[in-house]
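S.K.: pasted the sequence and its predicted model underneath.
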Amino acid sequence: MKNTELFSAFTCISNSMRKCFGFSAFCLMLFLQVTSCKPDDTEKPADPKTNNPVATLVEFKKPKGFPNPVLPKDNPLTEEGILLGRMLFYDPILSADSSMSCSTCHKQENAFATNNTFEKGIHGNLGTRSSMPIFNQGWSNIGLFWDGRSKTMEEQAVEPVINPEEMASKRWEDVILKLKRHTSYPSLYEKAFGTKEITKELSAKAIAQFLRTIVSASSKYDSAMRLNTATLTASEQRGLMLYDRDPAMNEFTGEITSGGSCNHCHGSASLHVFQPMDEFSGYRNNGLDSAETIGDFKDIGYAKVKPGVENYGKFKVPSLRNIALTAPYMHDSRFKTLEEVIDHYNNGGHKSPTIDIEMASKRYKNLGGTLHLSEQDKKDLIAFLKSLTDYNLTTNPAYSSPFK
């Protein structure tokens, strides 16, 4: 109501000499009219492009001591987007016969990997590489999959749906049709993105939002080293020391000190993420196979995505967090235990033209091509690696299926 109208109303009351009860009733009516003109404080602002309520932004909470994550500006986290992505991740509706979901190959109890050698698609096809765990994606912006073929989480979310060896939908258009016919998804897309249109791109954005919320930072290691609420055992502490230490020879006495040299590929323990954060360190040939020439590699790995002689036989370096939950190990699941993995590195790996620079270095060769780890060293290193297990990750209801 305009101010001039209010003034006229009060003047009219005065001139007519309304009785007290009439004046009070009028004031009450006037109050209701004025307050009804105020906007609802709980109402969300409207998106000018769609005239639909804007989704509720969610602040990404960085764990104490972690470096800053890299999050895309064109896909901010929202409550509605995360919920939609979580539902899509766990819903088998994305597969051709509605029998397989993303969670089939990425189980929460295994840090969103599995303990399978290879994953089986809806037609019984076996893949040729193991599934990778999913967490802390805000600190992994160097490509996804073992060969880095997807640059972003959004790209990665698209491929398995139409991969004939996985969910095997022939076209995304077929999936979209099923989602449009669903009783809940159309409204969920509208709440998340302010549009009734359902697309492959919006589906991928929603899944990516959910996956970015999956953070692993609550292991025993975190309690001890970042939060000071626990203490590592003596064996775990020795393992941590070995993780960051290179083997070395005393030039005066000739005495050799053992070391795990894990930090060169998986990052310094001081960064707390235990995964590579740049492309140079993110893809390595860790001496799995002997090769005289690059033509001898059975799986060329990263070179298929980024052609170049130097990239043959290289694969993405995974995080060591939750490593005890994700056996078997390596892209082809060749090692069944952590003991086998450590023996491989302790023995120096296999020679090839692109073997990692650290494993081929003069310093390493002068030590006989071995880490010189004793049996106790191996036990200590494994004890430390197990301290990186995050049981909050494996039980957090925010990461669990919304259909339970």
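M.R.: Everything's here; your move. These numbers were taken from a predicted model, which means no experiment stands behind them. Residues are numbered from 1 along each chain as shown.
S.K.: as a check, name the ranges of all helices in the stretch 101-250 of the chain.
M.R.: For the stretch 101-250 of the chain, the helices defined by DSSP state H, counting those that start in this stretch occupy 102-105, 153-162, 172-181, 185-193, 200-212, 220-225, 234-244.
S.K.: of all those helices, which one is nearest Ser268?
M.R.: Across those, the minimum distance to Ser268, taken as C-beta to C-beta, is reached by helix 234-244, at 6.4 Å. Backbone N, C-alpha and C define where each C-beta goes, glycine included.
S.K.: tell me where the chain is predicted with low confidence.
M.R.: 1-53, 362-364 (pLDDT under 70).
S.K.: ok, now with 80
M.R.: 1-54, 280, 361-366 (pLDDT under 80).
S.K.: mind listing the strands for it?
M.R.: Shown for the chain, the strands assigned by DSSP state E span residues 248-249, 256-257, 283-284, 315-316.
S.K.: tell me which of those lies nearest to Ser223.
M.R.: Among the strands of the chain, the nearest to Ser223 by C-beta to C-beta is strand 315-316 (28.3 Å).
S.K.: circling back: what's the closest of the helices of the stretch 101-250 of the chain to His331?
M.R.: helix 102-105 (14.4 Å).
S.K.: and the contacts of the closest one?
M.R.: 88-90, 92, 94, 114, 116, 119, 131, 157, 160, 166, 207, 401 (C-beta atoms under 8 Å, 6 or more residues apart in numbering).
S.K.: so Ala398 is in contact with Thr213, correct?
M.R.: Yes. Using C-beta atoms under 8 Å, Ala398 is in contact with Thr213, at 7.1 Å.
S.K.: and those two? Which one has more around it.
M.R.: Using other C-beta atoms under 10 Å as the criterion, Ala398 and Thr213 rank with Thr213 on top: 20 against 10.
S.K.: how close does the more buried one sit to Lys404?
M.R.: 18 Å (C-beta to C-beta, to the nearest Å).
S.K.: then Thr78?
M.R.: 23 Å.
S.K.: between the two, who's got more neighbours?
M.R.: Remark: of Thr78 and Lys404, Thr78 carries more neighbours, 20 against 6, as counted by other C-beta under 10 Å.
S.K.: unless I'm mixing things up, Asn116 is touching Ser131, no?
M.R.: Yes. Here Asn116 reaches Ser131: they are 7.3 Å apart, a contact under C-beta under 8 Å.
S.K.: ok, those two, which is more surrounded?
M.R.: Neighbours of Asn116 and Ser131, each counted by other C-beta under 10 Å, are more numerous for Ser131; the result is 24 against 16.
S.K.: mind listing what that one touches?
M.R.: Counting by C-beta under 8 Å, 6+ apart, Ser131 touches 105-106, 113-114, 116, 119.
S.K.: what's the answer for Glu279, then?
M.R.: 142-143.
S.K.: returning to what we had before: would JSON lines of the helices of the stretch 101-250 of the chain with mean neighbour count and distance to Leu144 be doable?
M.R.: Formatted as JSON lines, the helices of the stretch 101-250 of the chain follow (neighbours: other C-beta atoms under 10 Å; distance: least, C-beta to C-beta, whole Å):
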{"stretch": "helix 102-105", "mean neighbour count": "21", "distance to Leu144": "13"}
{"stretch": "helix 153-162", "mean neighbour count": "21", "distance to Leu144": "4"}
{"stretch": "helix 172-181", "mean neighbour count": "15", "distance to Leu144": "18"}
{"stretch": "helix 185-193", "mean neighbour count": "19", "distance to Leu144": "22"}
{"stretch": "helix 200-212", "mean neighbour count": "23", "distance to Leu144": "10"}
{"stretch": "helix 220-225", "mean neighbour count": "20", "distance to Leu144": "24"}
{"stretch": "helix 234-244", "mean neighbour count": "19", "distance to Leu144": "25"}
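S.K.: got CSV for the ones you listed, with distance to Pro353 too?
M.R.: Below are the helices of the stretch 101-250 of the chain laid out as CSV (distance: least, C-beta to C-beta, whole Å):
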stretch, distance to Pro353
helix 102-105, 33
helix 153-162, 30
helix 172-181, 40
helix 185-193, 48
helix 200-212, 36
helix 220-225, 36
helix 234-244, 28
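S.K.: other residues contacting stretch 256-271?
M.R.: Residues from elsewhere that reach stretch 256-271 (C-beta under 8 Å, 6+ apart): 66-67, 225, 239-240, 242-250, 273-277, 281, 284, 286, 317, 319-320, 345, 356, 358, 367, 371-374, 377, 381.
S.K.: domains of this protein?
M.R.: Domain ranges of the chain: 3-36, 79-216, 220-388, per automatic domain parsing.
S.K.: relative to Tyr302, which of the contacts of helix 102-105 is nearest.
M.R.: When the contacts of helix 102-105 are ranked by distance to Tyr302 (C-beta to C-beta), Ser131 comes first, at 18.0 Å.
S.K.: quick one: Tyr312 and Ile300, what's the gap?
M.R.: According to C-beta to C-beta, Tyr312 stands 5 Å off from Ile300.
S.K.: these two - which one has more neighbours?
M.R.: Taking neighbours as other C-beta under 10 Å, Tyr312 and Ile300 compare with Tyr312 leading, 23 against 18.
S.K.: that one reaches Asp299, doesn't it?
M.R.: No. Using C-beta under 8 Å, Tyr312 is not in contact with Asp299, being 9.6 Å away.
S.K.: re the thing from before, just the buried residues out of the contacts of stretch 256-271, in ChimeraX syntax.
M.R.: To isolate the buried ones among the contacts of stretch 256-271 in ChimeraX, judged by 16 or more other C-beta atoms under 10 Å, type:
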select :66,225,239,240,242,243,244,245,246,247,273,274,275,276,281,284,286,317,319,320,345,356,367,371,373,377,381
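S.K.: perfect, that will be all.
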